[in-house]
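# next comes the sequence, and after it the predicted model I'd like to discuss.
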Amino acid sequence: MYGRAREPQKYLALIVTKKYSFIYHFKLEEAISFEENRIRKFMKYLDSPNLLKFIYRSVDGYFKIYDKYNTKGWKKLLGLEPEYEAKGNVKVRINRSGKTDVVVETYVDDLENIKDSIKFRWENKKADIQISDAKIAEVIIYGKKLDPRDVPKKIKYERLGIGKFMAEYKHQAERGKIEESKERVNEIRKPEERLNGKEETFFILGSNREGEELIETMKKEMKNVFNLGVVELNDFNSEYETIKIGNFEIFGKIKSNAKIKEVESYFNKIISETKEYSKLAKLVYYIGLLTSCQFLKSEGFKNKMQRAVEENLKEHLSRLDESIELREIDKLCIEFKAKGFFENSAKKFSKKLKENFEKKNNKICTYFIGVNEDTGTFTPIPLSRMRNEYREELKKNLEEQGIKVLLVEKNPHFRKGRNTYHSLIQRKRGHLKNLIN
């Protein structure tokens, strides 16, 4: 074993039976239990939170390895070459604090040549370091190399406790149907950290797992509070990004598309303009979040998030009075159109939308069809005129004309059998241009 693997309170153990062999490395930790109205303290020798590494092999050939931090010592034990490559023949470790060391790797001939940036005072066992604008050659976190540009995201990921959770979750035995709630995935407790300044943070599995209880909890919180965070539980990579719609923050794997920043900017401007109009602001929040879901890469994460938003949007529309305070914000291109603006022919309606959109000087526009902006009343479109086939044909016709539809949604209003729907389209640099869905 190497380095920190040899620290006090860390041990290597071996279990051998007729059916299997199990060698594992663990950190000795204390725990307590309650027995006969007494608190008893004991040591944990084999428990998933303090398990660092293991190799398991059964007599029938089943083989499994696990290394929480992908360390070089374990790789050597398995006959693999460690990825780390030292530079030079001198290595100096400088203690900055109890938690931080600075390691200098160089050559004997160069020790005296680097004194303009690192001055060693060997007689006092001290060193002075002053380096500016130096290139970061390599970053290794938990034994894995990272692109330096991904380090801030990785720090955020680890501080939220996602890495620790995934290390435990991925090596649990399957127990049939996996239920996900706000606090747990079956018996595995979720991280409890919050995104900065958020009243609540929901941690959601990126995989397609059951999460009915979690979705219901999200819906309830979202109805009254938008200062929330939603975090994807998944293995880390460079796809982890942040989306912010107003005070709502999403941290997860995002499809590679720079246009998401335009969507963020668009909805955040509208929210800032409509904050005093609570009904309208909430409506815009839901549409913004629903649009953001189109950029989420992991299907399980997207589906759970999208369901919570869609169901709240439907409830919000059904609870609105016969009239709602509306404000058409021309400079941000949010418009409310009465039923008369609608056309039964998807081809005619796409032409009308295109003509209206081309008069605007905006990259993205939002249309709410079935709401009269002059009276603030709902004029819903019958459900029979808004079938899925119609929506698909409308989207196709618009895109054939060079307009990309981000989102087309129909939402039941309080009148039985009637719906309103909205559409988002985008253009850029004076001509119509696609934006991925």
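Perfect, I can see it now. Residues are numbered from 1 along each chain as shown.
# C-alpha from now on. contacts and neighbour counts both.
Noted.
# beyond the host helix or strand of residue 40, next helix or strand please.
Taking DSSP states H and E as the criterion, residue 40 maps to strand 38-44. Toward the C-terminus, strand 38-44 is succeeded by strand 51-58 as the next helix or strand (DSSP H and E).
# low-confidence ranges in this structure?
Residues of the chain meeting the criterion pLDDT under 70: 1-7, 60-63, 70-86, 143, 171-176, 258, 276-277, 320-331, 411-437.
# mind listing what's buried in the lengthiest helix in it?
In the chain, taking DSSP state H as the definition, the longest helix is helix 299-319. Neighbour-count burial for helix 299-319 flags 300-310, 312-317 (criterion: 16 or more other CA atoms under 10 Å).
# got a list of what residue 304 touches?
204, 211, 215 (CA atoms under 8 Å, 6 or more residues apart in numbering).
# gap between residue 386 and residue 254?
Distance of residue 386 to residue 254, given as CA to CA, to the nearest Å: 31 Å.
# repeat for residue 313
In terms of CA to CA, residue 313 sits 23 Å off from residue 254.
# swap in residue 167?
The value you get for residue 167 to residue 254, if CA to CA is used, is 22 Å.
# can you name the residues bridging to residue 42?
residue 31 (DSSP bridges).
# what is the neighbour count of it?
11 (other CA atoms under 10 Å).
# that one against residue 35, yeah?
No - judged on CA atoms under 8 Å, residue 42 makes no contact with residue 35 at a distance of 12.0 Å.
# all the helices of this structure, residue numbers only.
72-77, 151-159, 162-169, 212-224, 260-274, 278-293, 299-319, 346-358, 388-400.
# adding distance to residue 120, write the ones you listed out as a markdown table.
Formatted as a markdown table, these follow (distance: least, CA to CA, whole Å):
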| stretch | distance to residue 120 |
| --- | --- |
| helix 72-77 | 29 |
| helix 151-159 | 29 |
| helix 162-169 | 37 |
| helix 212-224 | 56 |
| helix 260-274 | 47 |
| helix 278-293 | 53 |
| helix 299-319 | 51 |
| helix 346-358 | 67 |
| helix 388-400 | 66 |
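# of all these, which one is nearest residue 54?
For residue 54, the closest of the helices of the chain is helix 72-77, at 9.2 Å, according to CA to CA.
# look up how far residue 167 lies from the nearest residue to residue 54 once chain neighbours are set aside.
In this structure, residue 54 finds its nearest non-sequential neighbour in residue 24, 4.0 Å apart by CA to CA, 6 or more residues apart in numbering. Residue 24 sits 15 Å away from residue 167, going by CA to CA.
# distance check, the closest residue to residue 372 other than its chain neighbours against residue 369.
Nearest non-adjacent residue to residue 372, counting by CA to CA, 6+ apart: residue 338, 4.4 Å away. To residue 369, residue 338 is 6 Å away according to CA to CA.
# got it, and residue 336?
6 Å.
# could you do residue 406 as well?
Taking CA to CA, one finds residue 406 at 16 Å from residue 369.
# looking at those two, which is more packed in?
Taking other CA under 10 Å, residue 406 and residue 369 do not tie; residue 369 has more neighbours (24 against 20).
# tell me the bridge partners for the more buried one.
Under the criterion used (DSSP bridges), residue 369 bridges to residue 337, residue 421.
# so how far is residue 339 from the spatially closest residue to residue 202 that is not a sequence neighbour?
Leaving aside its chain neighbours, residue 202 sits nearest to residue 230 (4.7 Å; criterion: CA to CA, 6+ apart). According to CA to CA, residue 230 stands 36 Å off from residue 339.
# these two: who's more crowded?
Higher neighbour count among residue 230 and residue 339: residue 230, with 23 against 18, using other CA under 10 Å.
# distance between the ends of stretch 372-387?
End-to-end distance (CA to CA), stretch 372-387: 22 Å.
# how far does it sit from the chain's center?
Centroid displacement of stretch 372-387 relative to its chain, using CA atoms, centre = their mean, to the nearest Å, is 35 Å.
# how about that stretch: buried residues?
372, 373, 376, 377, 378, 379, 380, 381, 382, 385, 386.
# also stretch 26-45?
Neighbour-count burial for stretch 26-45 flags 26, 27, 28, 44, 45 (criterion: 16+ other CA under 10 Å).
# measure the nearest residue to the third one once chain neighbours are set aside to residue 45 for me?
Nearest-residue entry for residue 28: residue 9, 5.2 Å, with adjacent residues in sequence omitted and distances by CA to CA, 6+ apart. With distances defined as CA to CA, the gap from residue 9 to residue 45 amounts to 11 Å.
# pull up the overlap in contacts between those two.
Residues touching both residue 9 and residue 45 (CA under 8 Å, 6+ apart): 27, 28, 29.
# could I get the contacting residues of the last one?
Under the criterion of CA under 8 Å, 6+ apart, the neighbours of residue 29 are 9, 43, 44, 45, 50.
# likewise the second one?
Taking CA under 8 Å, 6+ apart, we find residue 28 in contact with 9, 10, 11, 43, 44, 45, 50.
# go with 7 Å
9, 10, 43, 44, 45 (CA atoms under 7 Å, 6 or more residues apart in numbering).
# who's in contact with the third one?
When you say that, I think you mean residue 43. With contacts defined as CA under 7 Å, 6+ apart, the neighbours of residue 43 are 28, 29, 30, 31.
# if we can go back for a sec, quick check, nearest of the buried residues of stretch 26-45 to residue 184?
Of all those, residue 44 has the smallest distance to residue 184: 21.7 Å, by CA to CA.
# count of neighbours near residue 210?
Each residue near residue 210 was counted by other CA under 10 Å, and the total is 17.
# can you count the residues close to the residue nearest to residue 313 when sequence neighbours are not counted?
Residue nearest to residue 313 in three dimensions, not counting chain neighbours: residue 286, with 6.1 Å by CA to CA, 6+ apart. Using other CA under 10 Å, residue 286 has 24 other residues around it.
# same check, this time on residue 138
With other CA under 10 Å as criterion, residue 138 counts 10.
# try residue 137
Neighbour tally, residue 137, other CA under 10 Å: 7.
# show me the domain layout of this protein.
Domain segmentation of the chain under automatic domain parsing yields 3-77, 90-144, 147-319, 330-432.
# and the contacts of stretch 120-137?
With contacts defined as CA under 7 Å, 6+ apart, stretch 120-137 is touched by 117, 118, 119.
# now flag whichever of these is closest to residue 18.
residue 118 (57.5 Å).
# any idea how far the closest residue to the closest one other than its chain neighbours lies from residue 105?
Nearest residue to residue 118, sequence neighbours excluded (CA to CA, 6+ apart): residue 129, at 4.6 Å. Look at residue 129 and residue 105: by CA to CA, they are 14 Å apart.
# do you have the strands of the stretch 101-250 of the chain handy? List them.
For the stretch 101-250 of the chain, the strands defined by DSSP state E, counting those that start in this stretch occupy 101-106, 118-121, 126-129, 139-141, 144-146, 184-185, 188-189, 200-205, 228-233, 240-245, 248-253.
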